[in-house]
Structure formats: structure tokens, C-alpha cells
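When you get a sec, could you give me coordinates for this:
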Amino acid sequence: MSDNGAEQHRFTRTALFICGGLLIWAVHFLFVYVAAAIICARYAGATLGGIPFVTFLTGSATVLACAAALILIWFALRRARADSDTDASVRFIYFLTSAIGALALVAIVFSAIPGLLLATECGTHAASSSGRLTVDS
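As a prediction, the model looks like this:
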């Protein structure tokens, strides 16, 4: 029974390692869009040192997420090259982790673009003085 538990634990760790890049992207995506929605709804026009707060927050979160994805890619590639005497399936896991991490890196950058470019529009079209939403035509 303990053999099955150890195998299950190893499977879970391996699956999380392989999906690490996607998990980093998902956390980044969720954080950036939820934070931008809250900041735009409650604190429209907030700045930090002359930079819109949404832009600052999106940029900071993107730098952290990219750094985490790059560390994951570096670690996986280093292990794939260092463990040349391991079997092919283990090297494949490291390669797959680095490839998914690279894909996640691209996804992180693409999901940050709206937050970085459109943050200046935060709150400018939100509501008129009557409290109703207005649409510019």
C-alpha cells in the first residue's frame, strides 16, 4: 500500500512540475485582470510616481511571472543536460517542462499587453455625473 502512495506522490509532483509554467501563467492572468478590474472600478486614475497604478501593478506582476517561468525553464533544461545517464522518459519530462514553460512565457507577455497599454483608459469612460454609463460615439 505504501508503494502505491509513493507512486501517487511522485505522479502528483511530476504533473505539477510539467504544468508549472501554465500554473505561473494562470496565476499571473488571474491576478492582473482581477487587480485591474478592482483598481479601475474603485480607484480610477490612481497613480504611483506619475505612472498609472494599473500599469505599475501589471508590469511588476509580469516581471515576477516572467522571472519565475525563466527559472523553471532554466532548471528543467539544466536537469535535462546534467542527467544524460537517466532514461529517455525522465529527459522527456524535463524537455516537456521547458517547452511548456516557454509557451507560458509567451502567454504571460501576451496577457500583460492589455494591462500595460490600456491602463491609461482606466476610468476615463466609466460613468457620467448622473451615474449612468456613457458610450462615446
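
Now stretch 4-24: buried residues?
In terms of neighbour count (16 or more other Cβ atoms under 10 Å), stretch 4-24 has its buried residues at 17-21, 24. C-betas here are computed from N, CA, C, even on glycine.

Quick one, grab the pLDDT at T97.
We have a pLDDT of 95 for T97.

Doesn't it belong to a helix?
Yes - applying DSSP: H, G, I helix; E, B strand; the rest coil, one finds T97 inside a helix.

how deep is it tucked in, by neighbour count?
As a burial measure, T97 scores 23 neighbours (other Cβ atoms under 10 Å).

from memory it sits against L22, does it?
No - T97 lies out of contact with L22 (Cβ atoms under 8 Å); the separation is 10.4 Å.

follow-up on the earlier one: just the closest of the buried residues of stretch 4-24 to G45, please.
Of all the buried residues of stretch 4-24, the one with the least separation from G45 (Cβ to Cβ) is I24, at 30.5 Å.

before we move on, what SS does that closest one have?
helix.
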